[in-house]
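# Just to be clear, the model below is a prediction. Sequence and coordinates:
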Amino acid sequence: MRIKWIATLGLAAMAAAAGAHHSFAMFDMKKEAAAQGAVTDFKWTNPHAWMHVDVPNPDGSTTNWAFEMTSPNNLVHSGWRRSSLKPGDKVKVTYHPLVNGKPGGALMKVVLPNGTTLENK
């Protein structure tokens with residue numbers, strides 16, 4: 001009986017950790033914003049893919065923004081490929097901004113240079 005109790009507690013702790021990992025608390029999921037810029041990096045990695053984009057500032061400088069995405073497995077089912085984005089691609093992104101106001105967010109969709117729209121589902 002004691003082993004079952006310990007196993008149950010262990011499983012509950014792992015489930016809590018997995019739930020915390022997939023929290024969207026760092027993003028303002030009620031807001032939607034857009035930005036345009038040039039892709040600097042596209043990381044096709046688990047558990048989440050990432051896209052970095054240099055977004056121009058009004059003074060002519062650029063700021064590198066980071067956009068978190070879902071897993072590559074989910075992206076493939078939405079039409080993405082490892083080769084969907086290349087450094088230098090000019091893109092328009094729609095995203096849920098970071099709550100702390102830093103440059104980046106949770107990617108919702110991206111419009112590629114050829115006009116194709118890929119969603120982050």
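Thanks, I have the structure now. Numbers count the residues shown, from 1 in each chain.
# how about the strands of this structure, start to end?
33-43, 50-56, 62-68, 90-97, 104-111, 117-119 (DSSP state E).
# right, and the ones you listed - which one's nearest H77?
Of all these, strand 117-119 sits nearest to H77, with 10.5 Å by CB to CB. Using the backbone N, CA and C atoms, a C-beta is placed for each residue, glycine as well.
# Select the helix or strand of the chain having the lowest average pLDDT value.
helix 2-21 (a mean of 44; mean pLDDT, DSSP states H and E).
# Quick check: which ranges of the protein have low pLDDT?
By pLDDT under 70, the weakly predicted segments of the chain are 1-24.
# wait, isn't K109 in contact with T116?
No - using CB atoms under 8 Å, K109 is not in contact with T116, being 10.5 Å away.
# the more surrounded of these two?
Legend: neighbour count by other CB atoms under 10 Å for K109 and T116, higher for K109 (15 against 10).
# what's the nearest residue to that one if we skip its chain neighbours?
E119 (4.5 Å; CB to CB, 6 or more residues apart in numbering).
# distance of the one you found from L112?
Distance, E119 to L112, by CB to CB, to the nearest Å: 12 Å.
# and K109, what are its bridge partners?
Note on K109: beta-bridge partners T94, E119, judged by DSSP bridges.
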